[in-house]
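Participant: The following comprises the amino acid sequence and a computationally predicted model.
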Amino acid sequence: MKKMDFRTERILHAYVDNELEPQAKSHLLIQLENDERIRARACELQRTKEWIKFSFEGEAAQTRSLPGIQWRLRHTSPFYIAASLVIVLIAFGAGWSGHSLTENVTPQGLVLDTANTAAPHVILHISDSDETRFNKVLERTDQLLRQYGSNGVQVEVVANAGGLDFMRTASSKHIDSIRRMIAEHDNVRFIACSRGLSKLRKLGLNATVIDGVDAHEPAADHLIERLTEGWTYIRI
């Protein structure tokens, strides 16, 4: 892809940050309709913004000054380093191998998008405590398993933030459905963010997850790992 000129790049950054004046936004929307290259770059920047928000969700910035970059590198967690590298890769288009898809992508589209791998690998991500959304997650998971199980499909449902409500025994209305899927299919995993569960415990809430749900790592770490492996990503 030809390098985007600096002025257009600045306008696109302002657009994804919702900082454009109405007239400038109107002009850009016309460009987006007619220029596939600009449209693709806008989508890329929006994805970067979402990953930044997600990767550092709930993390508080340090208020004290640090003595130098070597000290910072020694005391920075692997999670921050990994997240930062992913953000750089997305921002500069350096061979990102995953897919960021919207919730209305069909299962047929998923298989086509992952046709270059040995088998389709799909992550469904939910971060909202929204029954309608989680019902869509379960429907999509069941559909993928039924239609493409013989093709070796692997499906993971990853929950963090509000989505943890569906993985906890104290709050989920879908305990039987999740247990059934786990029992009937060895190619599906339900994963609850360990960092989010830890925060719930600190608040005095019950963080016990449904039997069979994996709760051993932060959601961000897992998603970053899977996306770098080429898994198809859908945020519901």
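Facilitator: Perfect, I can see it now.

Participant: So for stretch 168-182, what gets flagged as buried?
Facilitator: 168, 172, 174-175, 177-178, 181-182 (16 or more other CB atoms under 10 Å). Bear in mind the C-beta positions are built from the backbone N, C-alpha and C, glycine included.

Participant: Same question for stretch 127-136.
Facilitator: Across stretch 127-136, burial judged by 16+ other CB under 10 Å covers 127-128, 130, 133-134, 136.

Participant: Tabulate the residues you listed (TSV), appending secondary structure, distance to residue 164 and pLDDT.
Facilitator: Formatted as TSV, those follow (DSSP: H, G, I helix; E, B strand; the rest coil; distance: CB to CB, whole Å; pLDDT from 0 to 100):
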residue	secondary structure	distance to residue 164	pLDDT
127	coil	9	87
128	coil	10	87
130	coil	12	91
133	helix	13	92
134	helix	11	96
136	helix	17	94
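
Participant: Now for residue 124: which residues touch it?
Facilitator: Listed by CB atoms under 8 Å, 6 or more residues apart in numbering, the contact set of residue 124 reads 137, 140-141, 155-158, 234, 236.

Participant: Please identify which helix or strand holds it.
Facilitator: Element membership for residue 124, per DSSP states H and E: strand 121-126.

Participant: Need the mean per-residue confidence for that strand.
Facilitator: Regarding strand 121-126, the rounded mean pLDDT is 92.

Participant: cool, and stretch 149-158?
Facilitator: On average, stretch 149-158 scores 89.

Participant: what's the burial count for residue 12?
Facilitator: Number of residues near residue 12 (other CB atoms under 10 Å) recorded here: 22.

Participant: Now do it against residue 22, distance only.
Facilitator: 17 Å (CB to CB, to the nearest Å).

Participant: Then residue 207?
Facilitator: Residue 207 is 46 Å from residue 22, by CB to CB.

Participant: Of these two, give the one with the bigger neighbour count.
Facilitator: Shown here are residue 207 and residue 22; by other CB under 10 Å, residue 207 has more neighbours (21 against 7).

Participant: did I read that right, the more buried one in a helix?
Facilitator: No: using DSSP: H, G, I helix; E, B strand; the rest coil, the assignment for residue 207 is coil, not a helix.

Participant: which of the contacts of residue 124 lies closest to residue 38?
Facilitator: Nearest to residue 38, judged by CB to CB, of the contacts of residue 124 is residue 234 at 24.7 Å.

Participant: Is the closest one bridged to anything, and to what?
Facilitator: On the basis of DSSP bridges, residue 234 is bridged to residue 101, residue 124.

Participant: hey, where'd the helices end up in the chain?
Facilitator: Counting by DSSP state H, the chain has helices at residues 6-16, 22-34, 36-55, 69-75, 78-92, 107-113, 131-148, 175-184, 194-202, 219-228.

Participant: any idea which of those scores lowest on pLDDT?
Facilitator: It's helix 107-113: among the helices of the chain, that one has the lowest mean pLDDT, namely a mean of 41.

Participant: Which segments of the chain make up each domain?
Facilitator: Domain segmentation of the chain under automatic domain parsing yields 6-59+66-92, 99-235.

Participant: nearest residue to residue 183 other than its sequence neighbours?
Facilitator: residue 212 (7.5 Å; CB to CB, 6 or more residues apart in numbering).

Participant: Check the gap between the one you found and residue 164 for me.
Facilitator: Relative to residue 164, residue 212 is positioned 15 Å away (CB to CB).

Participant: Neighbour count for these two, which is higher?
Facilitator: Of the pair residue 212 and residue 164, residue 164 is the one with more neighbours under other CB under 10 Å, namely 26 against 13.

Participant: right, and that one touches residue 199 too?
Facilitator: No: counting by CB atoms under 8 Å, residue 164 does not reach residue 199; the two are 9.3 Å apart.
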